[in-house]
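here is the input, now give the coordinates:
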Amino acid sequence: MNPRELAEEFWNMDSEQQAKFFNELANIIEENQGRGVMQLDYISFEPSLYPYGARLISMLAERVKEGNRKSK
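Residues are numbered from 1 along each chain as shown. Modelled structure (predicted):
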């Protein structure tokens, strides 16, 4: 599966499925201990992430922060 196909599969998921995807990704990162965290660092320095992918990640992070503040 190439990145476009994976992105389309993700986009076609409903919100619960997308949330579960992120939970599974977090589990994979946790299971791989330091390597998972290092991979996140590598992604953040990858020139091909900018500007679009980085903007999407930033928007998602802001929404998560807002949701956490509202749920408290």
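
need the longest helix for this structure.
helix 52-71 (DSSP state H).

tell me how far it lies from the chain's centre.
Relative to its chain's centre, helix 52-71 lies at 10 Å (Cα atoms, centre = their mean, to the nearest Å).

show residues contacting that helix.
For helix 52-71, the external contacting residues (Cβ atoms under 8 Å, 6 or more residues apart in numbering) are Ser44, Leu49. Any C-beta I mention is one placed from the backbone N, CA and C, and that applies to glycine too.

and the spatially most central residue of the chain, which helix or strand is it part of?
Against the mean C-alpha coordinate of the chain, by Cα atoms, centre = their mean, the closest residue is Phe22 at 6.2 Å. Under the criterion of DSSP states H and E, Phe22 resides in helix 15-31.

so the very next helix or strand once past that helix versus helix 52-71, what angle?
Downstream of helix 15-31, the first helix or strand assigned by DSSP H and E is helix 34-44. Interaxial angle, helix 34-44 versus helix 52-71 (axes from the mean of the first three to the mean of the last three Cα atoms, to 10 degrees): 120 degrees.

which parts of helix 34-44 are buried?
Residues of helix 34-44 classed as buried: none (neighbour count, 16 or more other Cβ atoms under 10 Å).

again with stretch 24-35
In stretch 24-35, counting by 16+ other Cβ under 10 Å, buried: Ile29.

give me the mean pLDDT for that stretch.
Averaging pLDDT along stretch 24-35 gives 86.

stretch 64-72 now?
Rounded mean pLDDT across stretch 64-72 is 87.

stretch 38-52 now?
For stretch 38-52, the per-residue pLDDT averages 92.

check the offset of that stretch from the chain's centre.
Here stretch 38-52 is found 12 Å from its chain centre; the criterion is Cα atoms, centre = their mean.

what distance separates the start and the end of that stretch?
21 Å (Cα to Cα, to the nearest Å).

hang on, the earlier thing: the residue nearest to the centre of the chain and Arg63: what is the separation?
12 Å (Cβ to Cβ, to the nearest Å).
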